[in-house]
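Participant: Using only what follows, build the 3D model:
(chains A and B)
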Amino acid sequence: MKFDLDKCRADFPVLEQDIHGYPLVYLDNAATTQKPRQVIEAISQFYLHDNSNVHRGVHALAERATSQYEAARKKVQRFINAPHAEDCVWVRGTTEAINLVAHSYLMPRLKPGDQILISALEHHSNIVPWHLICKKTGAEIRVIPIHDNGELDLAAFAEMLVPPVKFIALAHISNALGSINPIQTMIKMAHDHGIKVLIDGAQGAPHLPIDVQALDCDFYAFSSHKMFGPTGIGVLYGKSELLNEMEPYQGGGDMITEVHYQYSEYQKPPLRFEAGTQDIAGVIGLGSAIDYLSAMDKTAVAAHEHELLLYATSAIQTVSGYRIVGTATHKASIISFVHDTIHSHDLATVLNSFGVAVRAGHHCAMPLMERLGLTATTRASFSFYNTASEVDRLVDALERAKEVFL
Amino acid sequence: MQSLRDLYQEVILDHNRSPRNCHLLEDANSTTQGFNPLCGDKITLYVKEANGIIEDISFTGTGCAISVASASLMTDYLKGKTVTEANHIFHLFHAMVTEDDHEAEKALGKLSVLAGVHEFPARVKCATLAWQTLRAALEHRNTTVSTE
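Facilitator: Alright, predicted model coming up:
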C-alpha cells in the first residue's frame, strides 16, 4: 500500500475550486482540515437513513444510531490505543475537553498556592481554562520556558518539578510554530514526582500516531475537525481510574442512573460526562474520518508530510526578507514566518488574491508571540493532500507580495 | 488583482511607510488605547481638544498597512475639525468601509482611498481600529465635559 497523492486529493471535493482565478492552495490545516467525501457521505447517510437519538428507544432507527455511535467510540479507542472504549469521552472539541478536566478533575484538588505548569507554547485553550480555576482556588500558573528556536527548555522543566506543582498541561505539537514536544519524556519526569499530565493533542492527532498507553499520559484531548472529521465533536481520553473519581461536568439527561427531586445518581464514565443529546452525526463523521486515516499507509503519509515540511522550509528561506519563526529539530508540517516590513495580515490578503489560503495573526497564542517579541506571524500548515507544486505557488505569491509593498 | 490594487493604493502604502502624526503628544488631554484582539493590532491615540476643537491629534502603535494608514490618514484629516464634525465623519467612514456607501465616499475626500476595504470583510476592523479608538476618546471627553 503506497500513498497515492492524486487519488487522495480526489477524495477532497473542496480542493477542486478556483479562488480569484487560481486553483485553491489550502495551507490552513492547523486551523481546520478539509473533509474527505467519505466523511461527508457518512454524515449525509446518517441523516438520510438512520437519524435517531441514541441510548433510548427500541425502534430500528434508534438501534442503528446507537450501534454506529458506540462503534465510533471503539474506533477512537483503537486510534489512540486506549485500554477501554469507556475511557473516551465525547466532547465538543479539545477546548471543552480541557475545560472538563480543569473543572471536574483539578479544581476540587487545588488549594491556594498550588501550581499548574503549562508551557510557553500553549494555545489559549490550554491557558484560559486553568486561569478560570486558579481564580477560584488561589492556585497559580507557572510557565515552562522555551529556547528561541521554539523547543521547550527541558533543564528548566526538571527544576520546576517541585511539590507545589499539582498538574501539567502541555501541547503535543505547537499550533503556532510546529514544534513537536518530547511529551513521553516529560510525562515520565512528571510521574516520577507524582504529577498528573494532560496533553493537548489538537495538532498531535492529525500528524502523529497516538498511543496513550505508551505515552502513559493521564489525559489526552483532541478535536475531530483538525483530523478530517466534522466540527463540533472531539474526544477526551482519561485514565479510567481518574475518570471514575471525577464529578460530572454538566448535568442532564443520559448522564444519570436515577433522578429524584432532591438528588440524582450518576452514570459511570464516559456517559457521566455526556449530559444531553450529543452530536451524533458528528460522532459518526469522526468515526468515518478514523476509518479513512486507518486505511492509509501511515509511514508513507508521514514521509510525504515531512518532505513538504523540508521543501517548504528551504523554499521560504530562499525568498529574501522572510524569516521562519520556530526552528525546532522535531517539527510537524507547520511553518510560521514573518517578513521584515510586510505585516502578516497584509501578506495573507495578498496570498489569498493568488488563491493561497494561510493564517495570519497570533494563532491564539498571544503569550507565545509576546515571548518571541512579535505581534503576529503568517502560518502555512500542510496536510497530506498538499503538494510540492503548492509550495511553489506559496513561494511565488511571497515574491509577488513584495512587488505590492516594496 | 484589481481589488487588491484598490485596497493597497499608493496613498495607503505611502502612509504605511511614513505614517503622519505617529508620535506621542505631550500635551494631549485624552490618551486612549485601541486593541484588536483578533489580530493583535494595537494603537494609542492622543487627542488635544479645546473648546470643542481637535487642536492636535497623534498616534503610536503597531499594525498592518491598512490599520497604520487608516490611523495616519485619520489624524491628518481631523486636525482642526470640531468634535461634532469628527463624530459625523466617523459615521461616514464606517458607512464607506462596511456598506460601500458612495455618498459617504464622495464626502470623505482624501479618506476615500480606504473605500476598497469594503471588498475585504476580514480587513474592515483593521481600517476602523483607529476610528473606534477615536470614538472612545471623544465619548470619554464628552462625558468629562458634561459632568463638569
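Participant: Please count neighbours and contacts with C-alpha atoms only from this point.
Facilitator: Will do.
Participant: what does chain B have sitting close to chain A?
Facilitator: Chain B comes close to chain A at residues B:1, B:4, B:8, B:13, B:38-41, B:63-66, as judged by C-alpha under 8 Å from any C-alpha of the partner chain.
Participant: which of the residues you listed lies closest to A:Val259?
Facilitator: B:Leu38 (43.7 Å; C-alpha to C-alpha).
Participant: Show me the helices in chain B, by range?
Facilitator: With DSSP state H as the criterion, chain B has helices at B:2-7, B:10-17, B:65-78, B:83-99, B:102-107, B:124-147.
Participant: Burial-wise, tell me which of these comes out on top.
Facilitator: helix B:65-78 (a mean of 25; mean count of other C-alpha atoms under 10 Å in any protein chain shown).
Participant: quick one: it to chain centroid distance?
Facilitator: With C-alpha atoms, centre = their mean, to the nearest Å as the basis, helix B:65-78 stands 5 Å off its chain's centre.
Participant: Need the contact partners of it.
Facilitator: By C-alpha atoms under 8 Å, 6 or more residues apart in numbering or on different chains, the surrounding residues in contact with helix B:65-78 are A:342-343, A:346, B:12-16, B:19-22, B:41, B:54, B:57-59, B:62, B:86, B:110-111, B:114, B:123, B:126-131.
Participant: Give me the domain ranges for chain A.
Facilitator: Following automatic domain parsing, one finds the domains of chain A at A:5-31+A:297-405, A:41-294.
Participant: okay, how far is it across stretch A:155-166, tip to tip?
Facilitator: Stretch A:155-166 has an end-to-end distance of 19 Å (criterion: C-alpha to C-alpha, to the nearest Å).
Participant: ditto for stretch A:266-284
Facilitator: Termini of stretch A:266-284 sit 25 Å apart (C-alpha to C-alpha).
Participant: What residues of it count as buried?
Facilitator: Across stretch A:266-284, burial judged by 16 or more other C-alpha atoms under 10 Å in any protein chain shown covers A:266-275, A:278-284.
Participant: does A:Gln115 really touch A:Ala169, like I thought?
Facilitator: No - with contact defined as C-alpha atoms under 8 Å, A:Gln115 does not reach A:Ala169; the gap is 11.3 Å.
Participant: and A:Gln203, how far is that from B:Phe59?
Facilitator: Taking C-alpha to C-alpha as the measure, A:Gln203 and B:Phe59 are separated by 39 Å.
Participant: now A:Val76
Facilitator: Counting by C-alpha to C-alpha, the gap from A:Val76 to B:Phe59 is 53 Å.
Participant: Flag the shaky bits of the chain, pLDDT-wise.
Facilitator: Since no chain was named, I'll use chain A. Residue ranges of chain A with pLDDT under 70: A:1-2.
Participant: meant chain B actually
Facilitator: B:1, B:141-148.
Participant: Strands of the stretch 201-350 of chain A, residue ranges please.
Facilitator: Remark: strands assigned in the stretch 201-350 of chain A by DSSP state E, counting those that start in this stretch are A:219-223, A:234-238, A:256-259, A:264-266, A:322-325, A:334-339.
Participant: what sits up against the shortest one?
Facilitator: With contact meaning C-alpha under 8 Å, 6+ apart, strand A:264-266 is reached by A:248, A:255-259, A:272.
Participant: Next, work out how far apart B:Asp27 and chain A are.
Facilitator: 29 Å (C-alpha to the nearest C-alpha, to the nearest Å).
Participant: and that residue, how far is that from B:Asp56?
Facilitator: Going from B:Asp27 to B:Asp56 by C-alpha to C-alpha gives 9 Å.
Participant: And the closest residue in space to A:Gly178 that isn't next to it in sequence, how close does it get to A:Arg359?
Facilitator: Sequence neighbours aside, A:Ile334 is the residue nearest to A:Gly178 in space, at 4.7 Å (criterion: C-alpha to C-alpha, 6 or more residues apart in numbering or on different chains). A:Ile334 is 11 Å from A:Arg359, where distance means C-alpha to C-alpha.
Participant: swap in A:Arg379?
Facilitator: Where A:Arg359 is concerned, A:Arg379 sits at a distance of 5 Å (C-alpha to C-alpha).
Participant: These two: who's more crowded?
Facilitator: A:Arg379 (31 against 23; other C-alpha atoms under 10 Å in any protein chain shown).
Participant: looking at the sheet around that one, what are its partners?
Facilitator: A:Ser336, A:Arg359 (DSSP bridges).
Participant: and it, what does it touch?
Facilitator: By C-alpha under 8 Å, 6+ apart, the contact set of A:Arg379 is A:28, A:176, A:334-337, A:358-360.
Participant: So what's the residue count around residue 22?
Facilitator: Looking at chain A here, since you left the chain open. With other C-alpha under 10 Å as criterion, A:Tyr22 counts 14.
Participant: hmm, I had chain B in mind actually
Facilitator: 19.
Participant: of B:Asp27 and B:Asp56, who's got more company?
Facilitator: B:Asp56 (20 against 11).
Participant: what's the closest residue to that one other than its chain neighbours in contact with, if anything?
Facilitator: Spatial nearest neighbour of B:Asp56, excluding adjacent residues (C-alpha to C-alpha, 6+ apart): B:Lys48 at 5.0 Å. Applying C-alpha under 8 Å, 6+ apart to B:Lys48 gives the contacts B:25, B:27-30, B:54-57.
Participant: Any figure for the gap between B:Lys48 and chain A?
Facilitator: 29 Å.
Participant: Would you mark the buried spots in stretch A:121-140?
Facilitator: Of the residues in stretch A:121-140, A:121-127, A:129-131, A:133-134, A:137, A:139-140 count as buried by neighbour count, 16+ other C-alpha under 10 Å.
Participant: just curious, which of those residues is nearest to chain B?
Facilitator: Chain B lies nearest to A:His124 out of these, by C-alpha to the nearest C-alpha, at 12.4 Å.
Participant: Quick check: the closest one touching A:Cys364?
Facilitator: Yes - using C-alpha under 8 Å, A:His124 is in contact with A:Cys364, at 5.4 Å.
Participant: how about the strands of the stretch 51-200 of chain A, start to end?
Facilitator: Going by DSSP E, counting those that start in this stretch, the stretch 51-200 of chain A shows strands at A:88-91, A:115-119, A:140-144, A:165-171, A:196-200.
Participant: Let me have those strands in a markdown table, extended by distance to A:Glu41.
Facilitator: Converted to a markdown table, the strands of the stretch 51-200 of chain A look like this (distance: least, C-alpha to C-alpha, whole Å):
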| stretch | distance to A:Glu41 |
| --- | --- |
| strand A:88-91 | 21 |
| strand A:115-119 | 39 |
| strand A:140-144 | 43 |
| strand A:165-171 | 32 |
| strand A:196-200 | 29 |
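Participant: Export those strands as JSON lines, with columns for distance to chain B.
Facilitator: Formatted as JSON lines, those follow (distance: least, C-alpha to the nearest C-alpha, whole Å):
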{"stretch": "strand A:88-91", "distance to chain B": "25"}
{"stretch": "strand A:115-119", "distance to chain B": "21"}
{"stretch": "strand A:140-144", "distance to chain B": "22"}
{"stretch": "strand A:165-171", "distance to chain B": "22"}
{"stretch": "strand A:196-200", "distance to chain B": "22"}
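Participant: what's next to the helix or strand hosting A:Glu41, contact-wise?
Facilitator: In the assignment (DSSP states H and E), A:Glu41 maps to helix A:37-45. Residues external to helix A:37-45 that are found in contact with it (C-alpha under 8 Å, 6+ apart): A:11-13, A:228-230, A:281-282, A:284-286, A:288-289, A:292.
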